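With the input below, show me the fold.
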Amino acid sequence: MGEVTLAWTGDRLQFVGQTGYGDAILVGGNIEGPGAKPSDLLPLSLAACTAYDVVEILRKQRQGLRELRVVISFEQDPDPPWTFRSIHLRFVLIGSVQEHKARRAVELAESKHCSVAATLRPVVRLTHDVELHDAS
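Numbers count the residues shown, from 1 in each chain. Prediction:
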């Protein structure tokens with residue numbers, strides 16, 4: 001079983017999260033101070049979980065991935081509790097990567113490997129696309 005912690009800093013609406021690896025993450029409740037907006041962490045977690053697996057899959061396939069960026073767009077209800085309705089991930093891959101391998105890596109990562117995607121999929125519409133750029 002995993003465990004992470006979150007502690008209020010005592011200042012405004014700021015918290016410090018402690019990851020399972022022992023790293024600190026600053027979380028802010030509004031624009032008063034630095035830190036991640038709590039609701040941004042959900043789509044970021046989905047992107048990070050999926051991107052991690054994409055990099056691993058392409059590495060094992062000996063693809064020349066040099067950069068990976070994920071642009072995340074999402075829709076939430078306009079009223080509280082602002083439920084997420086859809087999250088779209090656009091994977092921007094830079095390097096010498098075969099298109100069919102890139103698309104397959106993203107598909108596998110999202111549909112079979114990412115625990116965040118598996119958790120969200122029953123209640124949030126998840127979509128993605130892939131954009132390739134040769135690094136030469």
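
can you give me the helices for the chain?
38-60, 99-108, 115-120 (DSSP state H).

Dump those into TSV; add distance to Ser73, mean pLDDT and mean neighbour count as well.
C-beta here means a position set from N, CA and C on the backbone, and glycine is covered the same way. Listed next are those as TSV, based on distance: least, C-beta to C-beta, whole Å; pLDDT from 0 to 100; neighbours: other C-beta atoms under 10 Å:
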stretch	distance to Ser73	mean pLDDT	mean neighbour count
helix 38-60	8	97	17
helix 99-108	16	97	17
helix 115-120	15	97	16
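
Among those helices, which comes closest to Met1?
Proximity to Met1, assessed across the helices of the chain by C-beta to C-beta, is greatest for helix 115-120 (13.5 Å).

got a list of contacts for stretch 108-121?
42, 45-46, 49-54, 57, 84, 87, 89, 126, 128 (C-beta atoms under 8 Å, 6 or more residues apart in numbering).
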